[in-house]
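Q: Could you work out the structure for the sequence below:
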Amino acid sequence: MGNLLSWLFRERQDSLTGILNGINEEEWNPKLDKKIYQNYSIEDVEKGKLANKLALYQEYGLHVELHRPLIGLIGRLTHQKGFDTFLNSFYQKWKLPFYYFILGSGDKRTEGAFFHESHHSNGRVFFYKGFDETLARKIEAASDFFLMPSLFEPCGLNQMYSHAYGAIPIVSRVGGLKDSVTETWDKKQNTGFIFEAGLEHSLDYALDRALTLYHDKEEFNQTRQRIMKLDWSWKKGSAEYL
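A: Numbers count the residues shown, from 1 in each chain. Down below sits the predicted model:
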């Protein structure tokens, strides 16, 4: 890892500063986004996300139960992105009531596994091969949670998009993911769920916690509203660069 430079970075860590990515707050905004099915804001997030979820299912002919939580996954299907961790966890915890909508392409073995589950998981997994920005936005708008099981991630953007669209991130404890998602004992500070990278049992436990939150409607809606208030615009990042 680090192309033999990791030792140097560790030695000089006091001289280094990391600056997180930022997003265009007008471009990635469910209140203004013309590519999603229905616009919504913090004030009507519950109604808005339900409408987007229903429309997404209808567009792709998915016959599912609307009361079950939806988890979105978007990304390149590479070793870095940790999709093997997700698959192993799915096999172990297949009884959990989540639906998964996956968008991506890359490793042929992973694509094959997702295609297989799309046809043999009783509608629990839907896989769209390729990349489509409009569909990516629709997934963010429809999802209750957004999963990023990366093995390493310098920063990442989808967890920030997810915050903006009210999809609670479930992320591995790496790089910018752990720097932009908070999970502590104080639930009123939490902005997502964190698990140990590459460990299926840790992801299993994070999914259990997410399901518990989903069933606590008051806390679930408070969390959605909290994450939508986060400011991931470039205002802070650009000031740090300057």
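
Q: Let's verify the spatially most central residue of the chain: helix, strand, or coil?
A: The chain has residue 146 as the residue nearest its centroid, 2.5 Å off, counting by C-alpha atoms, centre = their mean. Reduced to three states with DSSP: H, G, I helix; E, B strand; the rest coil, the structure at residue 146 is strand.

Q: And residue 47, by the same measure?
A: Reduced to three states by three-state DSSP, residue 47 is helix.

Q: Okay, it and residue 205: tell me how far apart.
A: The gap separating residue 47 from residue 205 is 31 Å, by C-beta to C-beta, to the nearest Å. For glycine as for every other residue, the C-beta is placed from the backbone atoms N, C-alpha and C.

Q: Over to residue 165?
A: According to C-beta to C-beta, residue 165 stands 25 Å off from residue 205.

Q: More neighbours: the two, which one.
A: Taking other C-beta atoms under 10 Å, residue 165 and residue 205 do not tie; residue 165 has more neighbours (28 against 16).

Q: That one: what's it in contact with?
A: Residues counted as contacts of residue 165 (C-beta atoms under 8 Å, 6 or more residues apart in numbering) are 28, 30, 140-141, 143, 228.

Q: wait, isn't residue 117 in contact with residue 123?
A: No: the pair residue 117 and residue 123 does not pass the contact test of C-beta atoms under 8 Å, sitting 10.2 Å apart.

Q: who's more crowded, those two?
A: For residue 117 versus residue 123, the count of surrounding residues by other C-beta under 10 Å is larger for residue 117: 20 against 14.

Q: That one should be in a helix, yeah?
A: Yes: secondary structure of residue 117 (three-state DSSP): part of a helix.

Q: Where does the prediction get shaky in this structure?
A: Applying pLDDT under 70 to the chain picks out residues 1-3.

Q: Going along the chain, name the helices of it.
A: Per DSSP state H, the chain has helices spanning 6-11, 45-59, 83-92, 108-120, 133-142, 158-165, 175-180, 200-215, 217-228, 234-241. These are given in chain order.

Q: what is the orientation angle of the longest one with helix 83-92?
A: Taking axes from the mean of the first three to the mean of the last three C-alpha atoms, to 10 degrees, helix 200-215 and helix 83-92 form an angle of 70 degrees between their directions.

Q: Identify the residues contacting the closest residue to the residue nearest to the centre of the chain other than its chain neighbours.
A: Leaving aside its sequence neighbours, residue 146 sits nearest to residue 162 (C-beta to C-beta, 6 or more residues apart in numbering; 3.9 Å). Contacts of residue 162 were listed using C-beta under 8 Å, 6+ apart, and they are 72, 140, 143, 146, 168-169, 192, 227.

Q: Residue 162 and residue 238, how far apart?
A: Residue 162 sits 22 Å away from residue 238 when distances are taken as C-beta to C-beta.

Q: repeat for residue 131
A: Applying C-beta to C-beta, one obtains 27 Å for the distance of residue 131 from residue 238.

Q: Kindly report the same for residue 67.
A: The gap separating residue 67 from residue 238 is 42 Å, by C-beta to C-beta.

Q: So for these two, which sits in the more crowded spot?
A: Ranked by neighbour count (other C-beta under 10 Å), residue 67 and residue 238 place residue 238 first, with 11 against 8.

Q: Contacts only, for the residue lying closest to that one once chain neighbours are set aside.
A: With sequence-adjacent residues excluded and distances taken as C-beta to C-beta, 6+ apart, residue 238 is closest to residue 22, at 7.4 Å. For residue 22, the contacting residues are 160, 232-238, taking C-beta under 8 Å, 6+ apart as the criterion.
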